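Peer 1: Fold the following.
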Amino acid sequence: MGGVWAPKPSQGPHKQRECLPVAIILRERLKYALTGKECQQICMERCVKIDGKVDIATGKMSDIYKFEIGAMVMITRGHNTGRVGTLEHVEKHDGSFSIVTIKDRKGNTFATWQANVFVIGSGDHPQVTLPKGRGIKKTILQERAEAEARGDL
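Peer 2: Predicted coordinates:
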């Protein structure tokens, strides 16, 4: 995202610092809109539902995914951006950031701030299309071995 202006989230029942602007999701992640005005039009036409999943056939919400132990999550910010895993543990720190522990499909465990985590499904079933590699971070040696196997090096 470039420029001077940034969208401000409307908090609703959540705290302002825990909110993520819908415009950011529609523009940067899903690539459904190019401008803030297009994001507003998408929301006004009720093409998206917030805090739930929409059943395309009926147009009604069919499931809600909560931030709880065992939920499938994706890291949206920080050093682990793009990684996908299962929420294992949440450490609450009063007056500071809460730390969550996540385990990916290969068994690697890592920790990040709770604000960097976004729920994408329950158990091992993501409700969004995952990127190439399915959210598994590879080491430099693994990436090099795959490039040599493809003949890129």
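
Peer 1: As a check, name the ranges of all helices in this protein.
Peer 2: Listed in chain order, the helices of the chain (DSSP state H) span 22-24, 36-44, 140-150.

Peer 1: And the spatially closest residue to Asp104 that is not a sequence neighbour, what's its pLDDT?
Peer 2: Once flanking residues are discounted, Asp104 sits nearest to Gly85: 3.9 Å by C-beta to C-beta, 6 or more residues apart in numbering. Quick note: C-beta positions are derived from backbone N, CA and C, even for glycine. On the pLDDT scale, Gly85 is placed at 91.

Peer 1: from memory Gly85 sits against Met72, does it?
Peer 2: Yes: using C-beta atoms under 8 Å, Gly85 makes contact with Met72 at a distance of 7.5 Å.

Peer 1: and whichever strand in the chain runs longest, which residues are buried?
Peer 2: Looking across the chain with DSSP state E, the single longest strand is strand 84-91. For strand 84-91, the neighbour count (16 or more other C-beta atoms under 10 Å) marks Val84, Gly85, Thr86, Leu87 as buried.

Peer 1: from memory the last one sits against Ala71, does it?
Peer 2: In other words, Leu87. Yes: contact status for Leu87 versus Ala71: in contact at 5.0 Å, counting by C-beta under 8 Å.
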